[in-house]
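**Q** sequence plus predicted model, see below.
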Protein chains: 2
Amino acid sequence: MQDDNTVFVGNKPVMNYVLAVVTQFNNGAEEVTVKARGKAISRAVDTTEIALNRFLLDVEKKSIFTSTEEVDTESGKTHVSSIEITLISRK
Amino acid sequence: MQDDNTVFVGNKPVMNYVLAVVTQFNNGAEEVTVKARGKAISRAVDTTEIALNRFLLDVEKKSIFTSTEEVDTESGKTHVSSIEITLISRK
């Protein structure tokens, strides 16, 4: 079991990511971090809300951080917002 | 001056909301809360990142909360994720 279980949220349907989070906790993870950048940030929040409200009633939010990352694009460097939501088991 | 300065982020260009946040601090606010629901959550994070990195160098994040709200739609009640980012002046 890895200590740093991380789910990267992208453009797939939100339930894909919910399932990934639920599976990690069911496999014994004590903490899972959900990360996203740009427009996927909203989906990351949806992922954690759905996972906690519907599936993981003994898991809670430990921390939420937002930051700015620099990314390289064809037209040079740009900045993109990111979010990290860490969930922790109360068991 | 109100104690509960709040900026609701919606579908307008992000710089509109950045300007609203910067204006509230320039008018003497000690705290400003940025709120958004659904897909606007990403824009709320962009708003605070841009405001803090480019304009408000003496302001920091105080807290970030996410939650689920129930909203009425034509086809009944549904749930939507929301975010509240509170910024505080270090002055």
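**A** On my side now, so go ahead.

**Q** every contact and neighbour count from this point should use C-alpha atoms.
**A** OK.

**Q** how about the strands in chain A?
**A** For chain A, the strands defined by DSSP state E occupy A:5-8, A:31-37, A:59-73, A:76-89.

**Q** which positions within the longest one qualify as buried?
**A** For strand A:59-73, the neighbour count (16 or more other C-alpha atoms under 10 Å in any protein chain shown) marks A:59, A:60, A:61, A:64, A:66, A:68 as buried.

**Q** OK, contacts around the residue nearest the centre of chain A?
**A** Centroid-nearest residue in chain A: residue A:34, 1.4 Å away (criterion: C-alpha atoms, centre = their mean). By C-alpha atoms under 8 Å, 6 or more residues apart in numbering or on different chains, the contact set of residue A:34 is A:6, A:7, A:8, A:9, A:21, A:44, A:48, A:84, A:85, A:86, A:87.

**Q** most widely separated two among the residues you listed?
**A** Using C-alpha to C-alpha, the contacts of residue A:34 span at most 14.5 Å, a distance reached by A:9 and A:87.

**Q** hang on, the earlier thing: possible to save the buried residues of strand A:59-73 as a markdown table with distance to residue A:29 and pLDDT?
**A** As requested, the buried residues of strand A:59-73 are exported to a markdown table (distance: C-alpha to C-alpha, whole Å; pLDDT from 0 to 100):
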| residue | distance to residue A:29 | pLDDT |
| --- | --- | --- |
| A:59 | 11 | 97 |
| A:60 | 13 | 97 |
| A:61 | 14 | 97 |
| A:64 | 18 | 98 |
| A:66 | 23 | 97 |
| A:68 | 28 | 96 |
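
**Q** closest one of the residues you listed to residue A:26?
**A** Looking across those and measuring by C-alpha to C-alpha, the closest to residue A:26 is residue A:59, at 11.1 Å.
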